[in-house]
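*Asks:* I'll drop the sequence and a predicted model, then ask my questions.
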Amino acid sequence: MPDGHVCWLVVGVLGVWRVAHLVTAEDGPWGAVATARRWAGHGVLGQLVDCFNCTSLWVAAAWSLSWPEPWTTRALLTLALSGGAVLLERGTDSGARAGTASFVEEEPHGQEDHHGVLRR
């Protein structure tokens with residue numbers, strides 16, 4: 001990182017999060033990103049752009065290539081940028097909704113509705 005400033009790491013995490021979120025969750029201008037996701041299909045490429053964690057890793061790898069550092073530092077920087085972006089995604093509403101389990105309270109015994117519909 002230039003001059004070792006932590007602010008560059010924060011800018012990098014925000015940039016990686018923004019691009020990864022755009023690729024995995026947004027339609028983009030004129031629906032271009034959504035069209036590209038549909039074009040990617042359900043194969044390996046489609047899975048890479050559907051998974052935020054995967055996308056943040058390859059975006060972080062591309063981002064870290066721009067730093068004039070040795071490859072070992074770039075590898076660690078890639079992991080740090082991706083990890084920061086994943087934490088940011090989990091902390092936002094979109095990330096919290098995706099990973100939150102819901103609880104549905106059962107009706108008390110004896111008050112069940114018997115309309116012929118099976119419950120799972």
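*Replies:* It's in. Numbers count the residues shown, from 1 in each chain.

*Asks:* residue 67 contacts residue 76, correct?
*Replies:* No - checked against Cβ atoms under 8 Å, the pair residue 67 and residue 76 is beyond contact range at 10.9 Å. C-betas here are computed from N, CA, C, even on glycine.

*Asks:* which of the two has more residues huddled nearby?
*Replies:* Higher neighbour count among residue 67 and residue 76: residue 67, with 15 against 12, using other Cβ atoms under 10 Å.

*Asks:* give the helix, strand or coil label for residue 67.
*Replies:* Here residue 67 is recorded as coil under DSSP: H, G, I helix; E, B strand; the rest coil.

*Asks:* phi, psi for it please.
*Replies:* Taking degrees, to the nearest 10, you get phi -90, psi 140 for the backbone angles of residue 67.

*Asks:* repeat for residue 42
*Replies:* Taking degrees, to the nearest 10 as the convention, residue 42 sits at phi -110, psi 10.

*Asks:* check which helices and strands the host helix or strand of residue 8 sits against.
*Replies:* For residue 8, the host element (DSSP states H and E) is helix 6-25. In terms of contacts (3 or more Cβ pairs under 8 Å, 6 or more residues apart in numbering; DSSP states H and E), helix 6-25 is packed against helix 32-40, helix 44-50, helix 52-64, helix 71-91.

*Asks:* quick one: buried residues of stretch 87-94?
*Replies:* For stretch 87-94, the neighbour count (16 or more other Cβ atoms under 10 Å) marks 88, 89 as buried.

*Asks:* what's the model's confidence in that stretch, averaged?
*Replies:* For stretch 87-94, the mean per-residue pLDDT is 83.

*Asks:* find the centremost residue of the protein, please.
*Replies:* Nearest to the mean C-alpha position of the chain, counting by Cα atoms, centre = their mean, stands residue 52 at 2.4 Å.

*Asks:* which residues does it contact?
*Replies:* Contact analysis of residue 52 by Cβ atoms under 8 Å, 6 or more residues apart in numbering lists 20, 21, 24, 25, 86, 89, 95.
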